[in-house]
Structures are given as C-alpha cells and as structure tokens.
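*Asks:* next input, structure requested:
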Amino acid sequence: MRVQLKDTVTLQTNLSLDQSYIVYEIESTASGNTYYRIENDAKQVVPYDSMFFDVVSYKLYGEWTVLNKSNQSSARVPEEIAYIPFWEEFYNDDPRALRAFRQVKARFYLAELEVSEIKNILESNNEDEIDFVFYMLIHAKCDTFIYEVIQFAITRLVEHNYSEEDLLIAAFEYLSLFKEEHIHAFFIDYLTNIELGNDKLTKIVSNYFAS
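*Replies:* Okay, here's the model as predicted:
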C-alpha cells in the first residue's frame with residue numbers, strides 16, 4: 001500500500017508532495033480516526049493522520065494481521081511485525097525488530113516500486129537507499145537490474161580507485177549470483193585491471209569463476 005500527500009494540505013515536516021510512501025501499519029483509533037505509519041523523508045517511521053493522504057496503491061502484500069491494542073485502537077500490520085511491543089523495540093534499536101522491519105521493507109520495495117524507481121535509486125547519490133536496494137535484490141535473487149548494477153560498479157571502481165568499500169562489495173555479491181555473459185565479461189575486465197590480492201572483491205570474483 002502506498003500513499004501520497006494531498007496537494008491541498010499544508011506541507012508536512014519531512015514529507016514531500018511528489019513522493020509516495022509505503023504504509024507499514026494502518027491504525028484505527030476508538031474515535032474513528034485512521035493513521036498510516038510510513039517512513040518519511042528523514043527515514044523516521046512514524047504515524048500520520050490518513051486525512052493528509054491519497055491512496056495510490058491499495059494492495060497489501062503478504063499476510064497482514066489485526067492487533068487489538070490496550071487503548072481500544074486496532075492496527076493492521078504485516079505478520080512479521082505483528083506483536084504489540086514491536087514498535088517500542090524498533091525505536092529502541094532492538095536487533096530482532098530492526099531485522100524484521102528490514103525484511104518487510106524489502107518485500108514491499110520489490111512489490112511496490114516500479115523498475116524505473118529502482119533504477120533511479122541506483123543512479124542516485126543516496127547511499128543508504130542504494131545499500132538497501134542491494135540487500136533487497138540479493139535476498140530476492142532478482143536479476144532484473146544486472147546492467148544497472150554493472151554500470152554502478154564500473155563508476156564506483158573508478159571513483160574509489162578499485163578499493164574495497166561496502167557498496168562495491170554489495171554490487172559484486174549481487175552480480176555473483178548470476179551466470180551471465182555481461183557479468184562474466186565485467187569480472188574478467190576487473191581481474192585484468194588490478195593486482196591480485198586477498199581483498200574481498202577479488203575473492204567474490206574468484207569464487208564466481210570457481211563455482
């Protein structure tokens with residue numbers, strides 16, 4: 001499910017008119033109000049009154065569960081995070097809660113985002129979003145973005161002088177999942193342009209050709 005700010009409302013802090021937001025919880029209060037818990041532009045996952053939004057996608061992906069809360073409100077949430085103290089644990093950086101949310105977010109990204117949106121992220125300077133997209137693609141074993149990731153890796157290698165860094169490692173790990181001629185050629189080119197060592201990138205490439 002995705003929502004977008006109505007163009008008739010006063011601009012809200014950390015929300016953009018031209019951005020659509022994935023909904024991670026739908027809460028209904030005893031007074032009849034509805035709140036959407038979304039991740040805003042500041043990467044804060046917080047509830048907002050539904051009156052500010054238009055729904056642009058009603059699809060709820062995966063299994064969702066209704067939780068009844070002690071304040072007589074109820075919430076519809078993905079089953080991975082369907083337990084009462086989840087948000088408290090999440091805001092306190094509990095590893096289990098953070099891991100569960102990351103899994104849910106990855107599934108929703110893959111289901112909700114258009115191919116063009118994922119390509120735009122890979123071509124952006126938003127390293128946090130790029131890192132998350134790699135996490136999503138690796139776990140889903142999605143081969144749709146091989147060309148874009150090769151281009152990302154080529155640019156990144158030049159910018160970082162063939163050194164190890166987390167996004168390059170993630171890009172190489174993603175590409176190593178697939179036996180494809182463009183990946184083969186890219187990895188061969190990589191090996192011919194470095195002095196072989198025990199770095200992580202070379203190890204990924206070596207394992208690729210050894211498997």
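*Asks:* show me what the helix ranked longest in the chain is packed against.
*Replies:* Counting by DSSP state H, the longest helix found in the chain is helix 95-112. Judged by 3 or more CB pairs under 8 Å, 6 or more residues apart in numbering; DSSP states H and E, helix 95-112 is in contact with strand 20-28, helix 86-91, helix 127-140. Where C-beta positions appear, they are placed from N, C-alpha and C, glycine not excepted.
*Asks:* 10 Å - rerun?
*Replies:* With contacts taken as 3 or more CB pairs under 10 Å, 6 or more residues apart in numbering; DSSP states H and E, helix 95-112 sits against strand 20-28, strand 53-57, strand 74-78, helix 86-91, helix 115-122, helix 127-140.
*Asks:* and that helix, how far out from the chain middle?
*Replies:* The chain centre lies 7 Å from the centre of helix 95-112; the measure is CA atoms, centre = their mean, to the nearest Å.
*Asks:* could you give me the average pLDDT of it?
*Replies:* Averaging pLDDT along helix 95-112 gives 94.
*Asks:* what angle sits between it and strand 53-57?
*Replies:* Angle of helix 95-112 versus strand 53-57, following axes from the mean of the first three to the mean of the last three CA atoms, to 10 degrees, is 70 degrees.
*Asks:* name the residues of helix 95-112 that come out as buried.
*Replies:* Of all the residues in helix 95-112, those buried under the rule 16 or more other CB atoms under 10 Å are Ala97, Ala100, Phe101, Gln103, Val104, Lys105, Ala106, Arg107, Phe108, Tyr109, Leu110, Glu112.
*Asks:* count of neighbours near Asn92?
*Replies:* Other residues within reach of Asn92, judged by other CB atoms under 10 Å, total 10.
*Asks:* now the buried residues of helix 95-112 as a markdown table including distance to Glu88?
*Replies:* Below are the buried residues of helix 95-112 laid out as a markdown table (distance: CB to CB, whole Å):
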| residue | distance to Glu88 |
| --- | --- |
| Ala97 | 8 |
| Ala100 | 13 |
| Phe101 | 13 |
| Gln103 | 19 |
| Val104 | 17 |
| Lys105 | 18 |
| Ala106 | 22 |
| Arg107 | 23 |
| Phe108 | 22 |
| Tyr109 | 24 |
| Leu110 | 27 |
| Glu112 | 26 |
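*Asks:* now, which of those residues sits nearest Ala140?
*Replies:* Nearest to Ala140, judged by CB to CB, of those is Leu110 at 5.4 Å.
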